[in-house]
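Trainee: using only what follows, build the 3D model:
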Amino acid sequence: MSQNINRADVTVNLRDVHGQAITDEVEITFFNQKVQSLNQRFDVKFKGGPAVLTGVAAFPFGLAEVFIKPKRYRYKSIFINVVGGEQNTINEDLFVDPDKARPRLMDYDDLKGK
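Mentor: Residues are numbered from 1 along each chain as shown. This next block holds a predicted model:
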């Protein structure tokens, strides 16, 4: 059955909280809500721009929960209904994972001058 269904491309745009495209390795998993055998996983290296995922199950089997799991940002899940023959996009802003953050500490000697 999985070869005889509609498929479509999904363009994924992931940004940080400043609106800049991320540079990170991201695992994107589509858990199909109608047919479990249509679940798909993509390992994507984002290099400061969008990525195109090809061959994602589309209508009438296009409803999926998408888990977005980057290495340096907090994971996120969304729902998408992929439609064949149309431009399907995922535009999401991601928060930095606090365990992976590298904060810049303040120089307390310079505090008087501020």
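Trainee: okay, CA-based contacts and neighbour counts for the rest of this
Mentor: Fine.
Trainee: please, where are all the strands along the chain?
Mentor: 7-15, 23-32, 40-47, 51-57, 63-70, 76-81, 88-93 (DSSP state E).
Trainee: how much does the third one deviate in direction from strand 7-15?
Mentor: Pointing back at strand 40-47 there. Angle between the axes of strand 40-47 and strand 7-15 is 40 degrees (criterion: axes from the mean of the first three to the mean of the last three C-alpha atoms, to 10 degrees).
Trainee: what lies in contact with strand 40-47?
Mentor: For strand 40-47, contacts defined as C-alpha atoms under 8 Å, 6 or more residues apart in numbering pick out 22-31, 51, 53, 56.
Trainee: picking up where we left off before, redo the strands of the chain as JSON lines? Include distance to residue 109.
Mentor: As requested, the strands of the chain are exported to JSON lines (distance: least, C-alpha to C-alpha, whole Å):
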{"stretch": "strand 7-15", "distance to residue 109": "35"}
{"stretch": "strand 23-32", "distance to residue 109": "34"}
{"stretch": "strand 40-47", "distance to residue 109": "38"}
{"stretch": "strand 51-57", "distance to residue 109": "45"}
{"stretch": "strand 63-70", "distance to residue 109": "37"}
{"stretch": "strand 76-81", "distance to residue 109": "40"}
{"stretch": "strand 88-93", "distance to residue 109": "36"}
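Trainee: low-scoring stretches of this protein, by residue?
Mentor: The chain contains residues with pLDDT under 70 at 1-3, 100-101, 103-104, 111, 113-114.
Trainee: just give me how far stretch 20-38 sits from the chain centre.
Mentor: 7 Å (C-alpha atoms, centre = their mean, to the nearest Å).
Trainee: now do the end-to-end distance for it.
Mentor: One end of stretch 20-38 sits 32 Å from the other (C-alpha to C-alpha, to the nearest Å).
Trainee: tell me the buried residues in it?
Mentor: For stretch 20-38, a neighbour-count test (16 or more other C-alpha atoms under 10 Å) marks 21-32, 38 as buried.
Trainee: does the residue positioned nearest the centre of the chain have beta-bridge partners, and which?
Mentor: Centroid check for the chain by C-alpha atoms, centre = their mean gives residue 68 as the closest residue, at 4.3 Å. For residue 68, the beta-bridge partners under DSSP bridges are residue 28, residue 76.
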